[in-house]
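[1] Quick one, fold the following:
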Amino acid sequence: MATEIFVHPQCPHCASVIEQFDAAELTDITDIRNLKAFLAYRDSLDGYADIRSQGKIGVPSKVIDGETVEFFDQV
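    Sure, this is the predicted structure:
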């Protein structure tokens, strides 16, 4: 099972997630390659539909196997 946890270091909602996980487990969207991957998921996966409709960015979030989206307490 491949899991990607998307965060941004300046996002206040990401701070607790960043503290919970090792840096190697996190995908920092400030890197352009990671941002492109995140946006591809965010713009196409049904799990992000509510986030898109609310005009939110969608981090922190977790994508499992490129299909399933899970959110942390705050997004």
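[2] Note down every partner strand of the strand or helix carrying Glu4 and its orientation.
    Assessed by DSSP states H and E, Glu4 sits inside strand 3-7. Here strand 3-7 has these sheet partners by DSSP bridges: strand 26-28 (parallel), strand 61-64 (antiparallel).
[3] Residues contacting the longest one, please?
    Outside strand 61-64, the residues within contact range by C-beta atoms under 8 Å, 6 or more residues apart in numbering are 1-6, 41, 45, 47-48, 51, 69-72, 75. The C-beta positions use only the backbone N, C-alpha and C, and glycine is treated the same way.
[4] In those residues, which residue is surrounded by the most others?
    Phe6 (26 neighbours; other C-beta atoms under 10 Å).
[5] That one and Gly58 touch, don't they?
    Yes. Using C-beta atoms under 8 Å, Phe6 makes contact with Gly58 at a distance of 7.5 Å.
[6] where does this protein have low pLDDT?
    74-75 (pLDDT under 70).
[7] hey, what's in contact with both of Phe6 and Gly58?
    Both Phe6 and Gly58 are contacted by Phe38, under the criterion C-beta under 8 Å, 6+ apart.
[8] returning to that earlier point: mind exporting the C-alpha coordinates of the next helix or strand along the chain from the strand holding Glu4 to PDB?
    Next along the chain after strand 3-7, taking DSSP H and E as the criterion, comes helix 15-20. C-alpha atoms of helix 15-20 as PDB (Å, rounded to 0.1, in the frame of the first residue of the first chain):
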ATOM      1  CA  ALA A  15       1.900  21.600  12.000                       C
ATOM      2  CA  SER A  16       0.600  18.800  14.100                       C
ATOM      3  CA  VAL A  17       0.800  16.300  11.200                       C
ATOM      4  CA  ILE A  18       4.400  17.300  10.600                       C
ATOM      5  CA  GLU A  19       5.200  16.700  14.300                       C
ATOM      6  CA  GLN A  20       3.500  13.200  14.200                       C
END
